[in-house]
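J.: Fold the following.
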Amino acid sequence: MKAYETIFVLTPDSEEERIQECVARVSEIITSGGGEVTEVNEWGKRRLAYEVAKKYNEGYYVLITFTGNAAILQELTRVYGITEDIFRHIVVEKVS
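T.: Just a heads-up that it's a prediction; the model follows:
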């Protein structure tokens, strides 16, 4: 399995409970697919480089480092796309 990092940005008005639900859901997708979450790092609310959709100037950032396979990446991308609170995301292979 390869090492990956994923960063997703939630809407700035997301409640703490909803943030924790999203983090738990992403972690569950990784572990249920046979992967392993090695680190969860909540960066918190930060200013965006530019306004997104003429609506958001800031967002709540979460970084998750994990090991996994291609099926996990596909499922993460699908879930990111349908999760209302997540408006930006990226998954990249971690280079040692």
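J.: Give me the distance from the longest helix along the chain to the chain's centre.
T.: As far as residue count goes, and with DSSP state H defining each element, the longest helix of the chain is helix 16-32. Between the centre of helix 16-32 and the centre of its host chain there is 9 Å, according to CA atoms, centre = their mean, to the nearest Å.
J.: Run through who's touching it.
T.: For helix 16-32, the surrounding residues in contact (CB atoms under 8 Å, 6 or more residues apart in numbering) are 6, 8, 10, 14, 36-37, 40, 42, 60, 62, 64, 66, 68, 72, 75-76, 79, 83, 85-86. Heads up, the C-betas are built off the backbone N, CA and C, glycines and all.
J.: got the CA coordinates for the longest strand along the chain in CSV?
T.: Using DSSP state E, we find that the single longest strand of the chain is strand 36-52. As requested, C-alpha coordinates have been extracted for strand 36-52 and formatted as CSV (Å, rounded to 0.1, in the frame of the first residue of the first chain):
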residue,chain,number,x,y,z
GLU,A,36,-4.6,2.8,8.0
VAL,A,37,-4.9,6.3,9.2
THR,A,38,-1.5,7.4,10.5
GLU,A,39,-2.3,11.0,11.5
VAL,A,40,-5.3,13.4,11.7
ASN,A,41,-4.3,17.1,11.9
GLU,A,42,-7.1,19.7,12.2
TRP,A,43,-5.6,23.0,11.1
GLY,A,44,-8.8,24.8,12.1
LYS,A,45,-10.3,27.9,10.4
ARG,A,46,-8.0,29.7,8.0
ARG,A,47,-8.3,32.4,5.4
LEU,A,48,-8.5,31.2,1.8
ALA,A,49,-6.2,32.5,-0.8
TYR,A,50,-9.2,33.7,-2.8
GLU,A,51,-12.9,33.9,-2.5
VAL,A,52,-14.7,30.7,-3.5
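J.: Skip the chain neighbours and tell me the closest residue to the residue sitting nearest the centre point of the chain.
T.: Ranked by distance to the mean C-alpha position of the chain (CA atoms, centre = their mean), the top residue is Phe8 at 3.3 Å. For Phe8, ignoring the flanking residues on the chain, the nearest one in space by CB to CB, 6 or more residues apart in numbering is His89 at 4.1 Å.
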